[in-house]
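Participant: sequence unknown, structure follows:
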Ligand code: NAP
């Protein structure tokens, strides 16, 4: 027991930005018994898996990077996938956490043993790890979703999900269908359109757009960022406030939201000169309800002669392609599913059982919830990163992850310094914070449509209802009184 208090064994599941942030924070504060279990053969999480052509972050890199690892050599405002992955690899290496990662170790089960007071974590390959504290950093967007359309197995052509892009399949000269028009699809559709003989884009719901040209930084700007003291920090502050202003628009859809919506509408009108195409693309819900898409390439791509936008719902999949509700069969060689992720299921398909052998899925029967997105009553010394209600529509998730890493570290420091064995959030604290959080969605744009932020009961389980700075404020100091220490 003394060992567990002085040097608790900490298992982190997932080596994406979240898991790496947690490991760095813990190691920096003297927790040296940290193991990261990662299902993939490399670190990076979403940036490891999402390698589709055009993959990039639409959040500026000055913001989409750790506060303690600011770079002055980003190639452009919003970095491509490979640059972000290289950044994360470098950060993990420089902070000495790469050697804590066990690769190709997909976790299947996490069970809390009440008598032993610790977690047993099992992987699909059969290895077992004991932990005094467990951090689940698998994120919200790790499990690709493909709709179970009738006839899905009958398709005789090639198909893959955008997050599992098949780079060995050459799209040149092919007839291609893209299903879905979310943040991923709008990045790869322009790339696919350049190669394919014909591209059919299947849109279920229109989106609001804002410009994103994302040109490579000029040598002058790069030099200025590199050499002018304070310029990098100034850009970060400015971009932070710009992102917060998007949340203002979402929180206040009738006032500020309307203004930003007008800006979006003007941009979309310019990009869509054909009134018929414009009518079909136009969203029918409040600006900001779904994720606003940043692209200056996607809408013009829809006007290309080899691209067709299809808004008729898909009825079924045939051996030759996709059939829409009007009976038309769209014959294609390849279907690319840009249909997103099973975001609201969080840690699934891992089986997580808490103090009384109770499955997390049962506790979350009516929708996922956790105190500050991290702590669930009945799951001692377990923390989630990028858990329920910690997604942001406007900001950078890295701020949330850093805040969570610091909060978890403080919690474990309390445990260690108090000589306790485990901690558990008080059920009434969690219930009250969840009530307050859900109430804050009232009147915001998020409630104005269906989106991946909501579970099947309509509860918004993905997003934080406020600003980045609010979340950072709430999590800055660990509140020991909210927890029971044993
Ligand atoms: P997504 O936003 O969930 O989009 C999925 C798309 O598939 C939507 O257009 C959806 O239509 C459509 N769809 C789903 N089921 C369908 C069905 N049965 N029939 C027809 N269409 C269907 O997924 P995503 O584009 O992969 O993006 C997910 C999230 O990842 C983003 O919101 C964002 O947070 C993140 N992301 C970020 C970046 C970045 O640059 N920062 C880039 C890519 C992704 P409906 O709209 O009608 O549901």
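Facilitator: In hand now; what should we look at? Just so we're clear, the structure is a prediction, and the values are computed from it rather than from any experiment.

Participant: can you list the residues of this structure near the ligand?
Facilitator: Contact residues, the chain versus the ligand (Cβ under 6 Å from any ligand atom): 56-59, 141, 147, 162, 179-185, 202, 204-205, 291, 314, 338-341, 452. For the C-beta atoms, the positions are set from N, CA and C on the backbone; glycine is no exception.

Participant: are any of these buried, and if so which?
Facilitator: Neighbour-count burial (16 or more other Cβ atoms under 10 Å) is assigned, among these, to 56-59, 141, 162, 179-185, 202, 205, 291, 314, 338-341, 452.

Participant: look up how far residue 189 lies from the residue of the stretch 201-350 of the chain found nearest the ligand.
Facilitator: Closest residue of the stretch 201-350 of the chain to the ligand, Cβ to the nearest ligand atom: residue 340 (2.5 Å). Using Cβ to Cβ, to the nearest Å, we find residue 340 at a distance of 15 Å from residue 189.

Participant: contact partners for the residue of the stretch 201-350 of the chain closest to the ligand?
Facilitator: By Cβ atoms under 8 Å, 6 or more residues apart in numbering, the contact list for residue 340 reads 141, 144-145, 180, 182, 184, 452.

Participant: hmm, 10 Å instead?
Facilitator: Taking Cβ atoms under 10 Å, 6 or more residues apart in numbering as the criterion, residue 340 is in contact with 141, 143-147, 161-163, 180, 182-185, 452.

Participant: just residue 459 next, same as before
Facilitator: Taking Cβ under 10 Å, 6+ apart as the test, what residue 459 contacts is 344, 366-369, 388-389, 438, 441, 453.

Participant: any idea how far residue 253 lies from residue 181?
Facilitator: From residue 253 to residue 181 the distance is 22 Å (Cβ to Cβ).

Participant: now, the buried ones among the residues of the chain next to the ligand that are in strands?
Facilitator: 179, 202, 314 (DSSP state E).

Participant: mind putting the residues you listed in CSV, pLDDT included?
Facilitator: Output for those, formatted as CSV (pLDDT from 0 to 100):
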residue, pLDDT
179, 98
202, 98
314, 98
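
Participant: out of the residues you listed, which comes closest to residue 270?
Facilitator: Each of those was checked against residue 270 using Cβ to Cβ; the closest is residue 202, at 24.7 Å.

Participant: need the contact list for that closest one.
Facilitator: Going by Cβ under 10 Å, 6+ apart, residue 202 touches 177-181, 185, 308-314, 322, 324, 330, 335, 338-339.

Participant: please report how far the residue nearest to residue 140 when sequence neighbours are not counted lies from residue 136.
Facilitator: Take residue 140 and drop its neighbours on the chain: the residue closest to it by Cβ to Cβ, 6 or more residues apart in numbering is residue 343, 4.7 Å away. Going from residue 343 to residue 136 by Cβ to Cβ gives 15 Å.

Participant: compare the two (neighbour count), which wins?
Facilitator: The residue with more neighbours, out of residue 343 and residue 136, is residue 136; 28 against 21, by other Cβ atoms under 10 Å.

Participant: which residues touch the more buried one?
Facilitator: 11-14, 18-19, 107, 110, 121, 346-347, 350, 352, 360, 374, 376, 379, 382-387.

Participant: so which of these belong to helices?
Facilitator: 18-19, 360 (DSSP state H).

Participant: between these, which is nearest the ligand?
Facilitator: Distance to the ligand across these (Cβ to the nearest ligand atom) is lowest for residue 18, with 14.3 Å.

Participant: for the closest one, which residues are in contact?
Facilitator: If you count contacts by Cβ under 10 Å, 6+ apart, then residue 18 has 12, 45-46, 135-139, 384-387, 390, 397-398, 400-402, 404-405 around it.

Participant: let's see that with 8 Å instead.
Facilitator: Contacts for residue 18 (Cβ under 8 Å, 6+ apart) come out as 45, 137, 139, 385-386, 401, 404-405.

Participant: now the strands for the stretch 351-486 of the chain?
Facilitator: 351-353, 382-384, 423-425, 483-485 (DSSP state E, counting those that start in this stretch).

Participant: what packs against the first one?
Facilitator: What it means is strand 351-353. Where contact means 3 or more Cβ pairs under 8 Å, 6 or more residues apart in numbering; DSSP states H and E, strand 351-353 is packed against strand 107-113, helix 360-363.

Participant: now that strand: average pLDDT?
Facilitator: The average of the pLDDT scores along strand 351-353 is 98.

Participant: run through who's touching that strand.
Facilitator: Here strand 351-353 has contacts from 108-112, 136, 359-361, 379, 382, using Cβ under 8 Å, 6+ apart.

Participant: give me the buried subset of those residues.
Facilitator: For these, a burial check counting by 16+ other Cβ under 10 Å picks out 110, 112, 136, 360-361, 379, 382.

Participant: OK, contacts around residue 435?
Facilitator: Contacts of residue 435 (Cβ under 8 Å, 6+ apart): none.

Participant: domain parsing of this structure, as residue ranges.
Facilitator: 10-143+342-485, 152-208+254-337 (automatic domain parsing).

Participant: so for residue 242, which of these sits nearest?
Facilitator: domain 10-143+342-485 (8.5 Å).

Participant: measure the closest one end to end?
Facilitator: Distance across domain 10-143+342-485, first residue to last, is 17 Å (Cα to Cα, to the nearest Å).

Participant: so what touches the helix or strand where residue 277 lies?
Facilitator: According to DSSP states H and E, residue 277 maps onto helix 275-281. For helix 275-281, the external contacting residues (Cβ under 8 Å, 6+ apart) are 203, 206, 268-269, 272, 299, 302-303, 309, 311.

Participant: dump those residues into TSV; add neighbour count and distance to residue 230 as well.
Facilitator: Formatted as TSV, the contacts of helix 275-281 follow (neighbours: other Cβ atoms under 10 Å; distance: Cβ to Cβ, whole Å):
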residue	neighbour count	distance to residue 230
203	18	44
206	19	42
268	20	37
269	12	39
272	20	41
299	22	37
302	23	42
303	13	43
309	17	46
311	15	49
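
Participant: reformat those residues as JSON lines; add secondary structure.
Facilitator: What follows is the contacts of helix 275-281, written out as JSON lines (DSSP: H, G, I helix; E, B strand; the rest coil):
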{"residue": "203", "secondary structure": "coil"}
{"residue": "206", "secondary structure": "coil"}
{"residue": "268", "secondary structure": "helix"}
{"residue": "269", "secondary structure": "helix"}
{"residue": "272", "secondary structure": "coil"}
{"residue": "299", "secondary structure": "helix"}
{"residue": "302", "secondary structure": "coil"}
{"residue": "303", "secondary structure": "coil"}
{"residue": "309", "secondary structure": "strand"}
{"residue": "311", "secondary structure": "coil"}
